[in-house]
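**Q** For reference, the sequence and a predicted model appear below.
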Amino acid sequence: MKGDRKGKKLGSPKFKKKQSRQAIRFTQRGFTLHSHSVKIAKIGHIPMVLSRPLPSYPTSVTIIKDTAGRYFASFVLEINPEKLPQTHKSVGIDLGLTHFAILSDGEKIENPRWHKKMLRRIKKANRRLSKAKKDSNRRKRRKLRLAKLHAKVKDRRTDFLHKLTTRLVRENQALAVENLNVSGLIKNRKLSRAISDAGWCSFRSLLDAKCEKYGRDFVVIDRWCATSQKCSCCGQSGGKKELNVREWTCLYCGARHDRDVNAAQNIKDAGGLSESLNGRWSEFQTTSVAVRDESSTTPEVVQLSLF
């Protein structure tokens, strides 16, 4: 064991900037929660809008100011996982760019491409910012305008991911996804912007957290599993296929496949969620299987907006 850290090499620590995201954390002795405000030590009452009722008294609060000048209060508290009604449905999920997600039942979820829709306005704001004089009030206003555009993209993407993951977890008892190497995929200069805009890592993190919260099973398939090359009917490999090949016919059983739906079905089979496996996926192993226990308590982070 060399003791080397895996992943991207870390640089030296940097000081926080006044213009970047600011955050300060208070423990139980540093704040008091009221119905429409939070009292911070040495600051006083700060009005806030509750996004939802808090199930228990929080153990800590983090006051956050983002680059767009908005303030949030992030509470950490203990909750008991909610037990959703049992369902016999399970689904394999294949992530893509033309369609954000393709389900093993044939449903295709469109990719909203929030950043691409705002790209023209972001480029214009960047050009105007670059022409402003350094340390001038005009530059500060234009920098804030650019930050608000990026915040709008982030909020829309987060809202889309939350609604999608909540629906998938409520409708299915078990979910399987592929362990994609996103950090390696974004090195492709032609697809890096589109991959970053999709938010695959956030989707997987939210899906995992909500499966834990609601008592669902979450399976992650090994990235080397050839889900796009194997036939989901007979399990035979049809060879490597270019990205422009969206449909293909199996040479062994003659089945006609949609590339993405076939991959989603293979992900479901590889995760052990299909009834007709026929042992053809026994050679592959899942990287992680999360079986949820409803009796455990889980810390939850709740963010609220402050006036």
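**A** Okay, I see it.

**Q** Kindly report the domain assignment for this protein.
**A** 22-81+300-306, 90-111+163-291 (automatic domain parsing).

**Q** Out of these, flag the one nearest residue 128.
**A** Closest to residue 128 of the domains of the chain is domain 22-81+300-306 (CB to CB; 16.7 Å). Backbone N, C-alpha and C define where each C-beta goes, glycine included.

**Q** Out of the domains of the chain, which gets the lowest mean score?
**A** Of all the domains of the chain, mean pLDDT reaches its minimum on domain 90-111+163-291 (a mean of 83).

**Q** Now do the buried residues in the top helix by length along the chain.
**A** The single longest helix within the chain, with elements called by DSSP state H, is helix 137-171. Buried residues in helix 137-171, counted by 16 or more other CB atoms under 10 Å: 139, 142-143, 146-150, 153-154, 157, 160-161, 164-165, 168-169.

**Q** which helices and strands does that helix pack with?
**A** Applying 3 or more CB pairs under 8 Å, 6 or more residues apart in numbering; DSSP states H and E, one finds that helix 137-171 contacts strand 90-95, helix 114-131, helix 200-214.

**Q** For the nearest residue in space to residue 218 that is not next to it in sequence, grab the count of nearby residues.
**A** Distance criterion CB to CB, 6 or more residues apart in numbering; nearest residue to residue 218, sequence neighbours excluded, is residue 211 at 3.9 Å. Here the count is done by other CB atoms under 10 Å, and residue 211 has 24 residues near it.

**Q** From residue 13, how far off is residue 211?
**A** Distance of residue 211 to residue 13, computed by CB to CB, to the nearest Å: 34 Å.

**Q** name the element residue 187 belongs to?
**A** Using DSSP states H and E, residue 187 is not contained in any helix or strand.

**Q** what about it, distance to residue 163?
**A** In terms of CB to CB, residue 187 sits 30 Å off from residue 163.

**Q** Which residues outside stretch 132-145 are in contact with it?
**A** 19, 68, 69, 125, 128, 129 (CB atoms under 8 Å, 6 or more residues apart in numbering).

**Q** nope, stretch 146-155 is what I was after
**A** Contacts for stretch 146-155 (CB under 8 Å, 6+ apart): 66-70, 114-115, 118, 121-122, 125-126, 129.

**Q** Strands along the stretch 1-150 of the chain, start to end?
**A** Secondary structure of the stretch 1-150 of the chain by DSSP state E, counting those that start in this stretch: the strands cover 22-27, 31-33, 37-40, 44-49, 60-65, 71-79, 90-95, 99-103, 108-110.

**Q** Please spell out which residues along stretch 25-35 are buried.
**A** Under the neighbour-count criterion of 16+ other CB under 10 Å, stretch 25-35 has 26, 31 buried.

**Q** Distance from the chain centre to that stretch, please.
**A** 29 Å (CA atoms, centre = their mean, to the nearest Å).

**Q** so how far does that stretch reach from one end to the other?
**A** One end of stretch 25-35 sits 20 Å from the other (CA to CA, to the nearest Å).

**Q** what do you get for stretch 96-108?
**A** 10 Å.

**Q** Repeat that for stretch 107-115.
**A** 24 Å.

**Q** Also stretch 255-263?
**A** So stretch 255-263: terminal residues 14 Å apart, CA to CA.

**Q** So for that stretch, what gets flagged as buried?
**A** 257, 259, 260, 261, 262, 263.

**Q** between the domains of the chain, which gets nearest to residue 4?
**A** Among these, domain 90-111+163-291 sits nearest to residue 4 (CB to CB), with 16.6 Å.

**Q** picking up where we left off before, so which of the strands of the stretch 1-150 of the chain is the most surrounded?
**A** Greatest average neighbour count among the strands of the stretch 1-150 of the chain goes to strand 90-95 (a mean of 25), per mean count of other CB atoms under 10 Å.

**Q** and the angle from that strand to helix 200-214?
**A** Strand 90-95 runs at 160 degrees relative to helix 200-214, counting by axes from the mean of the first three to the mean of the last three CA atoms, to 10 degrees.
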